[in-house]
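>>> Please find the sequence and the predicted model below.
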Amino acid sequence: MPKAIWNGQVLAQSDRTEVVEGNQYFPPDSINQEFFKASSTHTSCPWKGQASYYTLVVDGKENPDAAWYYPETKEKANNIKGYVAFWKGVKVEA
């Protein structure tokens, strides 16, 4: 079962992930909310829409904008609406 790990903690775990452009996207109900802090960062993808970000906070250590999601998606990306993906040193094990 895929899981995302950073700083020794499991951030998300699910057998219902979606893989898009090589990234595992985790369903929103599979993330451990205690480690996620909303960020004001946004980026835009021409076919997915506007991404929002989370800063990860584990044991007092922060990893700014290390997780992202699309709260609203364009039609071709509806399968990942609200799903969360990771980068910046977060290890995703399949």
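Noted; the coordinates are in hand. Numbers count the residues shown, from 1 in each chain.
>>> count of neighbours near residue 8?
The number of residues packed near residue 8 is 8, by other C-beta atoms under 10 Å. Using the backbone N, CA and C atoms, a C-beta is placed for each residue, glycine as well.
>>> What residues of the helix or strand containing residue 52 count as buried?
Residue 52 is part of strand 49-58, with elements assigned from DSSP states H and E. Residues of strand 49-58 classed as buried by neighbour count (16 or more other C-beta atoms under 10 Å): 49, 51-56, 58.
>>> Widest-spaced pair of those?
49 and 58 (28.1 Å; C-beta to C-beta).
>>> hang on, the earlier thing: residue 39: which of the buried residues of strand 49-58 is nearest?
Closest to residue 39, out of all of the buried residues of strand 49-58 and judged by C-beta to C-beta, is residue 53, at 4.1 Å.
>>> Tell me if I'm right that the closest one and residue 67 touch.
Yes. Here residue 53 reaches residue 67: they are 6.7 Å apart, a contact under C-beta atoms under 8 Å.
>>> State whether residue 43 is indeed within a helix.
No. Secondary structure of residue 43 (DSSP: H, G, I helix; E, B strand; the rest coil): strand, not part of a helix.
>>> what's the closest non-adjacent residue to it?
Sequence neighbours aside, residue 51 is the residue nearest to residue 43 in space, at 4.9 Å (criterion: C-beta to C-beta, 6 or more residues apart in numbering).
>>> From residue 59, how far out is that neighbour?
Residue 51 sits 26 Å away from residue 59, going by C-beta to C-beta, to the nearest Å.
>>> do residue 47 as well
Separation of residue 47 from residue 59 (C-beta to C-beta) stands at 37 Å.
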